[in-house]
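[1] Next input, structure requested:
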Amino acid sequence: MPAKGQTGTSSTRALSASEVARNIKHFDAWSLFHGCEEVAFSDVPFELEDDVQFVFDAKGKLPASWVDRSSKCYSRIKKLQPQLLELLKRANKENPSLFSKELSTESCEDLLSELSCVLLAWKKLQWMRRNNERWSEADFAANVYNILRSTAVHESSYRTQCGISLPAHLSGLTPALPSSRVLSARTVVPDSSMFITSSSLRTLSKSKSSPYKALAAHPSTKTACSHILESGFKYQATPCSQPTEHACFEFSGCVMEDKKNGIDLEHAYRQNRMATASLVRHLHSLRIRSPVFGLVWADGRVRAHVDWWCAEGENLSVQSAPYPPSTLDEQSIIEPDSDEDDHGSIPAPIFHEWNLERPGDIISTYLVLRNIDAWTSGRFRQRVQEGVEALVHAVTHDNAKYKPWKRVDPPPPAAKPVKSRPRVENTPPPPPNNTGFPTPPPGPKRKVPKLPRPPFAQKN
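    As a prediction, this is how the structure comes out:
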């Protein structure tokens with residue numbers, strides 16, 4: 001029996017995004033039809049290098065005066081927040097490149113107060129490690145991950161459990177029945193994501209002459225976006241599975257996936273790549289050239305990857321590069337496994353891995369989150385503006401056509417009319433048999449001869 005809300009047997013029903021990501025063969029089939037490729041970090045396009053370097057640069061973000069015993073700031077922190085000072089001193093010992101003598105204490109007062117939340121998350125993780133209990137994915141998110149993520153976001157919109165629509169498979173490929181089950185997944189739900197705030201995008205959709213109105217009203221857009229509700233431009237203008245009440249653009253440049261333990265990191269990476277592929281396809285449909293960042297969290301460890309689109313003529317691909325370690329030390333490199341896992345997984349790529357139990361790593365992770373927030377409201381917002389305006393000019397002046405990107409199911413076929421059956425008259429049942437003997441079968445009908453008609457009586 002299919003599960004509630006699903007139709008068909010287990011061999012024919014559509015798979016969820018999590019089921020696709022859990023099975024390496026399913027994910028390979030999904031990647032094939034969506035043009036997803038895993039490449040090296042050195043393959044990041046030149047025009048995107050500055051954005052990527054800005055996001056992952058955590059060097060020199062903290063003033064050295066915080067850990068300088070001769071400074072007044074050191075004495076103040078030691079008196080007011082001695083535990084935070086110990087965290088900073090340990091971070092300086094593990095990763096001294098986080099600190100810079102060029103930064104003034106006054107310019108980092110806000111950051112110092114935010115690091116109190118980092119200290120809280122670190123202490124929570126230490127407490128969870130000491131208490132040898134079975135912690136769930138939600139426990140790690142509530143006690144550690146969300147403290148870091150929500151505190152780091154100031155300029156962008158931080159959302160949790162926001163459904164993302166999966167893209168349509170690329171044209172030119174016809175899936176067979178087994179692949180159709182994989183490609184039928186419609187939505188992926190990242191545990192958290194960062195969006196450009198709606199207020200900063202208002203100029204793109206508010207007025208009558210805005211780019212959104214110009215694209216939505218153009219005849220080519222109306223033709224490309226069929227009359228099916230979920231394929232309309234309002235739905236195509238956002239990566240979310242449920243658009244806002246008011247018609248407008250929505251853009252996300254970062255999604256994050258949480259899993260229970262380190263074994264699920266590869267599962268989380270594949271599922272997060274499905275979400276970033278949706279964001280990349282959304283940007284490509286609007287001619288926005290920008291990277292998209294993904295973070296995967298499991299068992300107090302964090303990995304990252306960066307994705308972008310590459311188009312050569314009519315061939316479109318979504319490329320994903322794991323963020324590698326910056327130095328070849330044993331604590332930051334995750335070496336590939338020589339053997340396949342239980343699901344037949346290929347060896348894992350080399351990732352840089354932040355271990356949140358280490359003070360230097362948890363502070364580095366927090367600084368990367370702050371960088372993503374600043375990039376989302378800054379350079380990413382600028383790239384969105386440039387891409388959308390370029391598309392409007394191409395559609396309205398150069399006869400270009402807008403191409404929808406979301407996966408939309410075709411409307412169900414019309415139900416066939418049911419033919420009425422001929423009416424059967426009710427016949428009375430046979431009389432009950434109370435003799436105790438079986439009822440004999442009915443014999444043949446006897447033909448009763450007709451008697452001659454008597455002559456009429458004659459009158460006297």
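[2] how distant is the longest strand seen in the chain from the center of its chain?
    Using DSSP state E to define each element, the chain has its longest strand at strand 301-312. In terms of C-alpha atoms, centre = their mean, to the nearest Å, the centre of strand 301-312 is set 13 Å apart from its chain centre.
[3] Can you tell me the strand partners of that strand and which way each runs?
    Strand 301-312 has the following strand partners under DSSP bridges: strand 292-298 (antiparallel), strand 315-322 (antiparallel), strand 354-355 (antiparallel).
[4] buried residues in that strand?
    Across strand 301-312, burial judged by 16 or more other C-beta atoms under 10 Å covers 301-310. Placement of C-beta: from N, CA and C, glycine included.
[5] Met274: which of those is nearest?
    Taking C-beta to C-beta as the measure, Met274 lies nearest Asp307 of those, at 10.6 Å.
[6] Packing partners of the host helix or strand of Ile147?
    Ile147 is part of helix 146-152 when elements are defined by DSSP states H and E. Of the remaining helices and strands, those touching helix 146-152 by 3 or more C-beta pairs under 8 Å, 6 or more residues apart in numbering; DSSP states H and E are helix 109-130, strand 157-160, helix 359-375.
[7] ok, and what's touching that helix?
    114, 117-118, 120-121, 124, 158, 160, 192, 256, 362, 365-366, 369-370, 372-373 (C-beta atoms under 8 Å, 6 or more residues apart in numbering).
[8] Can you list the buried residues in that helix?
    Applying a neighbour-count criterion of 16+ other C-beta under 10 Å, one finds 146-149, 151-152 buried in helix 146-152.
[9] middle-most residue in this structure, spatially?
    Centroid check for the chain by C-alpha atoms, centre = their mean gives Ala275 as the closest residue, at 3.1 Å.
[10] possible to save the strands paired with strand 301-312 as TSV with mean pLDDT, distance to Lys213 and mean neighbour count?
    What follows is these, written out as TSV (pLDDT from 0 to 100; distance: least, C-beta to C-beta, whole Å; neighbours: other C-beta atoms under 10 Å):
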stretch	mean pLDDT	distance to Lys213	mean neighbour count
strand 292-298	96	26	26
strand 315-322	95	27	19
strand 354-355	96	44	20
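[11] now those strands as a markdown table including distance to Tyr74?
    Shown next, in a markdown table, are the strands paired with strand 301-312 (distance: least, C-beta to C-beta, whole Å):
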| stretch | distance to Tyr74 |
| --- | --- |
| strand 292-298 | 32 |
| strand 315-322 | 38 |
| strand 354-355 | 26 |
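[12] Out of those, which gets nearest to Leu391?
    strand 315-322 (15.6 Å).
[13] Give me the residues contacting that closest one.
    Taking C-beta under 8 Å, 6+ apart as the rule, strand 315-322 contacts 34-41, 43-44, 170, 269, 273, 276-277, 280-281, 284, 294, 303-311, 349-351.
[14] Kindly state the beta-bridge partners for Arg301.
    Beta bridges link Arg301 to Ala298, Asn355, judged by DSSP bridges.
[15] Relative to Asp258, how far out is it?
    When distance is defined by C-beta to C-beta, to the nearest Å, Arg301 is 11 Å away from Asp258.
[16] which regions of this protein lie under the pLDDT threshold?
    1-12, 172-179, 226-230, 262-263, 327-349, 409-460 (pLDDT under 70).
[17] in it, which spans are strands?
    Secondary structure of the chain (DSSP E): strands located at 36-38, 62-63, 99-100, 157-160, 164-165, 187-188, 192-195, 252-259, 292-298, 301-312, 315-322, 333-334, 351-352, 354-355.
[18] With distance to Met128 as new columns, can those strands be given to me in a markdown table?
    Output for the strands of the chain, formatted as a markdown table (distance: least, C-beta to C-beta, whole Å):
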| stretch | distance to Met128 |
| --- | --- |
| strand 36-38 | 32 |
| strand 62-63 | 26 |
| strand 99-100 | 28 |
| strand 157-160 | 20 |
| strand 164-165 | 29 |
| strand 187-188 | 28 |
| strand 192-195 | 19 |
| strand 252-259 | 14 |
| strand 292-298 | 14 |
| strand 301-312 | 13 |
| strand 315-322 | 27 |
| strand 333-334 | 22 |
| strand 351-352 | 23 |
| strand 354-355 | 14 |
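[19] who wins for proximity to Leu88 among these?
    Per C-beta to C-beta, nearest to Leu88 of the strands of the chain: strand 62-63, 7.4 Å.
[20] Neighbouring strands of that closest one in the sheet, and parallel or not?
    Using DSSP bridges, the strands paired with strand 62-63 are strand 99-100 (parallel).
[21] Give me the distance between Tyr158 and Val255.
    From Tyr158 over to Val255 (counting by C-beta to C-beta), the distance is 12 Å.
[22] Which one's more surrounded, those two?
    Set Tyr158 next to Val255 and count neighbours by other C-beta atoms under 10 Å: Val255 wins out with 30 against 20.
[23] Who does the more buried one form a beta bridge with?
    Ser193, Gly294.
[24] Nearest spatial neighbour of Arg270, chain-adjacent residues omitted?
    By the measure of C-beta to C-beta, 6 or more residues apart in numbering, the closest residue to Arg270 outside its immediate chain neighbours is Ala21, 4.0 Å from it.
[25] Please apply the same query to Met274.
    Val188 (5.0 Å).
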